[in-house]
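A.B. asks: sequence and predicted structure are below.
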Amino acid sequence: MLFDARSLAHGQKLHADVCIVGAGAAGIAIAREFMRAEVKVILLEGGGLDFDHRTQSLYQGEISGRDFPSLEFTRRRQFGGSTATWFGRCRPLDESDFERHEWVPASGWPISYSDLKPYYERAKPLFELDDAGYESNSLDQLENYTDGNALEGIETRIFQFSPPTRFGERYKGDLQSARNIQVFLHANATNIELGKDGNAVAGIRCSTLTGKNFLVHASLFVLTLGGLETTRLMLASRDVHADGIGNQHDLLGRFFMDHLSFFDAEVRDIPERFPASFFKLDYSVPDNNLGLVHALGLSPDYRRKHGLLNAGAFFVKRPAYKLHDLFFSKDMQHLVRISEMIRHARPPSLKIFETLGRLSSRPHMITRMLAERLPWRERSSRFGIQIQLECAPNPASRITLSEKRDALGMNRIDLDWRLTRLDLESYRHFRRVLFDDLARMGFQVRGINHDLDDEGWPVSAVPLKHHSGTTRMHVDPRHGVVDEACRVHNVNNLFVASSSVFPTIGMANPTLTIAALAIRVADTIKQRLQH
């Protein structure tokens, strides 16, 4: 059943067996696990059924480290969460992603791929995926496309695309008809209230933007708010513990990770023997049900040998002008970001005039690039290589609370995102090996001549908004915020189901893994309720 929290009486108290905070992919996945069960569930969602600017503005925050997109546009605050806008790319983490690697500090999960594999299978139907596997078989091996030329370390990576499934639209009816599940919209969690001894949650304090406050009591609680907001809520809940919940060892908010992505090359003369499944991606076509798509990546053995992070590369159909070197200059990328701010109704920086002045001094390059946009040239789109990189867990990369507050009175987030030398070295190694192996396979590869930032990264490199790592999983509370069951250390009835628990991020998009972990948490809760 769906309710509008704005219709509740001020100060009202609600009661359930299980309270889930956040109705994105994880929250909805957990709630559906309890449909038709003898368990009363309350699912809280800060947004409504549709996008709302005022609600979305609650995500605004500060950026104090490496450049990052405006936080209010990196997630979606509405029923269904960010699946309302996602592209649908799905793949489990690799088996090697769960392992400890001596060259990656703080790596290693307390669970293995085999522990999560049955939950990946249970998560697939949620995304309307078929039973196709993700492991390369003999028909997928790249050696079939090389005319016998040996490759250095590149292998096929298989991704399966969801239609994409919009969880809010797809599962609204299920939850609306479930008599034991109450979904409260416009219900923003603002504080986790602990009991006096501090080792159990007594309730979740909630507020609406209309000024209503209410309290939810339950036996068990699950936070499914994502890699930023879950941590923000835990940091802000300081009634008993001055540094927030689960922060006894100053780990809450640390080890923030995201995938780094950018276009790095243009390929031509595609060998005819290469299958079409490598060349399906075209971001200009929305809601395109792509099925299986092949990408390229480094093999686990090669990464172990050379001490590298995980990485992948996709062939993407791209307008010619967006593969021109000028498009990847500092000035043009600054204009791209300004145009995004204008599109989101945010005032652009005054640096726009300085940027336009510098661009105007390069008329020949601008003319050549714009010529590629002429209608008869635009039709000849080319394929660009899009890189997707794993970034190492770094304790200095973190979120804290800003002094600024939102409309609900909560401290906003301050994000200090930092990359490491290992991240950059892994990228440069991957680029060399990838380009060399593509040439061996018969491709003509033209590497993009990027402008670089002060750290040596292409200025076009952007995070994919896959916020991870800020409540990392570890069996020892001195090294993690949650344990191997995703329960917050020393708080016996509070769980986290989010990419925030990832100790490492791998190279695959995280949504399928988030849902698998969420279903695993649901099973743990079922067992707890039976005792």
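C.D. replies: Yes, it's here.

A.B. asks: going forward, measure contacts and count neighbours with C-alpha atoms only.
C.D. replies: Fine.

A.B. asks: show me what contacts the nearest residue to Gln444 once chain neighbours are set aside?
C.D. replies: If the residues on either side of it in the chain are set aside, Gln444 comes closest to Arg268, at 5.0 Å by C-alpha to C-alpha, 6 or more residues apart in numbering. Arg268 makes contact with 382-383, 443-445 under the criterion C-alpha atoms under 8 Å, 6 or more residues apart in numbering.

A.B. asks: return the subset of those residues lying in strands.
C.D. replies: 382-383, 444-445 (DSSP state E).

A.B. asks: tell me the one among those residues nearest to Ala189.
C.D. replies: Phe383 (44.5 Å; C-alpha to C-alpha).

A.B. asks: which non-adjacent residue is nearest that closest one?
C.D. replies: That would be Lys317: by C-alpha to C-alpha, 6+ apart, it lies 4.5 Å from Phe383.

A.B. asks: pipe the ones in strands among the contacts of Arg268 into JSON lines and attach distance to Arg6 and neighbour count per row.
C.D. replies: As requested, these are exported to JSON lines (distance: C-alpha to C-alpha, whole Å; neighbours: other C-alpha atoms under 10 Å):
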{"residue": "Arg382", "distance to Arg6": "51", "neighbour count": "18"}
{"residue": "Phe383", "distance to Arg6": "49", "neighbour count": "22"}
{"residue": "Gln444", "distance to Arg6": "59", "neighbour count": "16"}
{"residue": "Val445", "distance to Arg6": "57", "neighbour count": "19"}
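
A.B. asks: okay, those in CSV with pLDDT next?
C.D. replies: As requested, the ones in strands among the contacts of Arg268 are exported to CSV (pLDDT from 0 to 100):
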residue, pLDDT
Arg382, 88
Phe383, 95
Gln444, 93
Val445, 95
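
A.B. asks: circling back to that earlier point, pLDDT score for the residue nearest to Phe383?
C.D. replies: At Lys317, the model reports a pLDDT of 93.

A.B. asks: what's the burial count for it?
C.D. replies: Lys317 is flanked by 19 other residues according to other C-alpha atoms under 10 Å.

A.B. asks: CA atoms only for the helix or strand it falls within - export them in PDB, please.
C.D. replies: Here Lys317 sits within strand 311-318, counting by DSSP states H and E. Only the C-alpha atoms of strand 311-318 are listed here, as PDB (Å, rounded to 0.1, in the frame of the first residue of the first chain):
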ATOM      1  CA  ALA A 311      39.300  -1.900 -16.300                       C
ATOM      2  CA  GLY A 312      37.100  -2.200 -19.300                       C
ATOM      3  CA  ALA A 313      36.600  -0.700 -22.700                       C
ATOM      4  CA  PHE A 314      33.400  -0.300 -24.800                       C
ATOM      5  CA  PHE A 315      33.000   0.500 -28.500                       C
ATOM      6  CA  VAL A 316      30.400   3.300 -28.700                       C
ATOM      7  CA  LYS A 317      28.800   4.900 -31.700                       C
ATOM      8  CA  ARG A 318      29.800   8.600 -31.500                       C
END
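
A.B. asks: need the residues that contact it.
C.D. replies: Counting by C-alpha under 8 Å, 6+ apart, 157, 278-283, 294-298, 381-390, 427, 430, 506-507 sit against strand 311-318.

A.B. asks: now, of those, which are buried?
C.D. replies: Buried residues within these, counting neighbours by 16 or more other C-alpha atoms under 10 Å: 157, 278-282, 294-298, 381-390, 427, 430, 506-507.
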